[in-house]
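Undergrad: Next one to model:
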Amino acid sequence: MLRRPPELPRSVNDRLNRFATSVFTPRDTNDMKPGNNLLSQEARIEIDYSSSLPLQMLLYFNVCFFPCWLFSLTFVLPVLTLNGDNNPIILMVFAFVFKAIIEFIRLYLGYTGNLAERMPELTAFCLLTIIFQIPLSIFLLIYPLIAPLTVQLSLIFSVEIIYIAFLVLEAVFGIYAVRIMVTAQSSRFHYRQFEEILAANNSRPPSG
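TA: Numbers count the residues shown, from 1 in each chain. A predicted model of the protein is given here:
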């Protein structure tokens, strides 16, 4: 029997829930009209899941590509320590290590949030992608071109381009998945309220 992955702490969970609800709840009333693609209320009630298949495919290929990125990291870091000035090397090493640590957490949150339909984890995945990973990847892509390094880092340039493509697509599909998840949970909540009101009205004895 598979165990459910552990959830985030309650305080973090609540804050991410409030953030996702306030940011990704549709402001346009047309989003809740029937027939409006996947964001309609009726479609969200009828569909039993709100996970994103494109996002899951991107996460799968990202997990497969991540060891290649780690190999390039372990290959380039010794070269950086033996060549060039200390200041550019320290920045590069710090960016590499910080990105690797964040990436482990980000991929775990993405898998958990998308497969288990956990909105806080998926929201944290989107935030880590946009706030940390995309800027770090752009930095690692551009910095070797402008820094006074004595060694050309073609390997880093090539893998970072691929990684930026993964990150941008995951951010787009992740935000879209959170938006659908917020709408689905809101629709199910109002639908349950409607059923409870109907059940309460049906259980009342007729007046008179």
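Undergrad: pLDDT-wise, which helix or strand of this structure ranks last?
TA: Of all the helices and strands that make up the chain, helix 41-46 has the lowest average by mean pLDDT, DSSP states H and E, namely a mean of 44.
Undergrad: Following the chain onward from that helix, which element is next?
TA: Following helix 41-46 in sequence order, the next helix or strand is helix 53-82 (DSSP states H and E).
Undergrad: avg pLDDT for that following helix?
TA: Averaging pLDDT along helix 53-82 gives 87.
Undergrad: Which other helices and strands does that helix contact?
TA: helix 86-115, helix 154-203 (3 or more CB pairs under 8 Å, 6 or more residues apart in numbering; DSSP states H and E). Where C-beta positions appear, they are placed from N, C-alpha and C, glycine not excepted.
Undergrad: Of the ones you listed, which is nearest E121?
TA: Proximity to E121 (CB to CB) singles out helix 86-115 among the helices and strands packed on helix 53-82, at 3.3 Å.
Undergrad: Now do the closest one: which elements does it pack against?
TA: Applying 3+ CB pairs under 8 Å, 6+ apart, one finds that helix 86-115 contacts helix 53-82, helix 119-128, helix 134-146, helix 154-203.
Undergrad: How far off centre is it?
TA: Chain-centre distance of helix 86-115: 14 Å, with CA atoms, centre = their mean, to the nearest Å.
Undergrad: Now do that helix against helix 119-128, angle only.
TA: Computed by axes from the mean of the first three to the mean of the last three CA atoms, to 10 degrees, the angle separating helix 86-115 from helix 119-128 equals 150 degrees.
Undergrad: Quick check: which ranges of the chain have low pLDDT?
TA: Low-confidence regions of the chain, defined by pLDDT under 70, span residues 1-4, 26-49, 81-87, 148-152, 186-196, 198, 203-208.
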